[in-house]
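# Fold the following for me, if possible:
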Amino acid sequence: MKNLIVLLMLATLGWYGFGKYQQASRQVTAEQAYSSEVPSERPTARPERPVSKTYTCDGRTHCSQMTSCEEATWFLQHCPGTEMDGNNDGIPCERQWCK
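Numbers count the residues shown, from 1 in each chain. Now for the predicted structure:
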């Protein structure tokens, strides 16, 4: 009986770890796909995001995961654990979005 309980605990731990691994793998794959896009010969204008966009704290914490200065600023002000304001001046992603 003791062996069965240990086996069930190990299986549960393995299942949990595999789920976390898949989640991290999907995130890394999406970031790689975004960063490996070959720019076209002619720069194209980005479509503007609607101002009334409602954001939610979904676990994103870095500038590379944001799509605009507005979004990064909202995440910095409303979500815990963000790592987008290295010099603590209240302006996130100064090298990428909020120049």
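
# in the protein, which ranges drop under the pLDDT threshold?
For the chain, applying pLDDT under 70 flags the ranges 25-53.

# Chain neighbours aside, what residue packs nearest to the residue most central in space within the chain?
Closest residue to the average C-alpha location of the chain: residue 60 at 3.3 Å, with Cα atoms, centre = their mean. Using Cβ to Cβ, 6 or more residues apart in numbering and skipping residues adjacent in sequence, the residue nearest residue 60 is residue 75, 6.5 Å away. The way it works is simple: take the backbone N, C-alpha and C, and place the C-beta from them, glycine included.

# rewinding a little: contacting residues around the residue nearest to the centre of the chain?
Counting by Cβ atoms under 8 Å, 6 or more residues apart in numbering, residue 60 touches 66, 75, 79.

# Contacts only, for the first one.
Residues in contact with residue 66, defined by Cβ under 8 Å, 6+ apart, are 60, 72, 75, 84, 92, 93, 96, 97.

# Those, buried ones only, as a PyMOL selection?
In PyMOL, this line selects whichever of the contacts of residue 66 come out buried by 16 or more other Cβ atoms under 10 Å:
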select buried, resi 60+72+75+84+92+93+97
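
# Which of the contacts of residue 66 fall within strands?
Counting by DSSP state E, no part of the contacts of residue 66 is found in strands.

# if we can go back for a sec, with distance to residue 1 as added columns, please give the contacts of residue 60 in CSV.
Listed next are these as CSV, based on distance: Cβ to Cβ, whole Å:
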residue, distance to residue 1
66, 52
75, 49
79, 45
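
# Before I go, just wanted to say thanks for your time.
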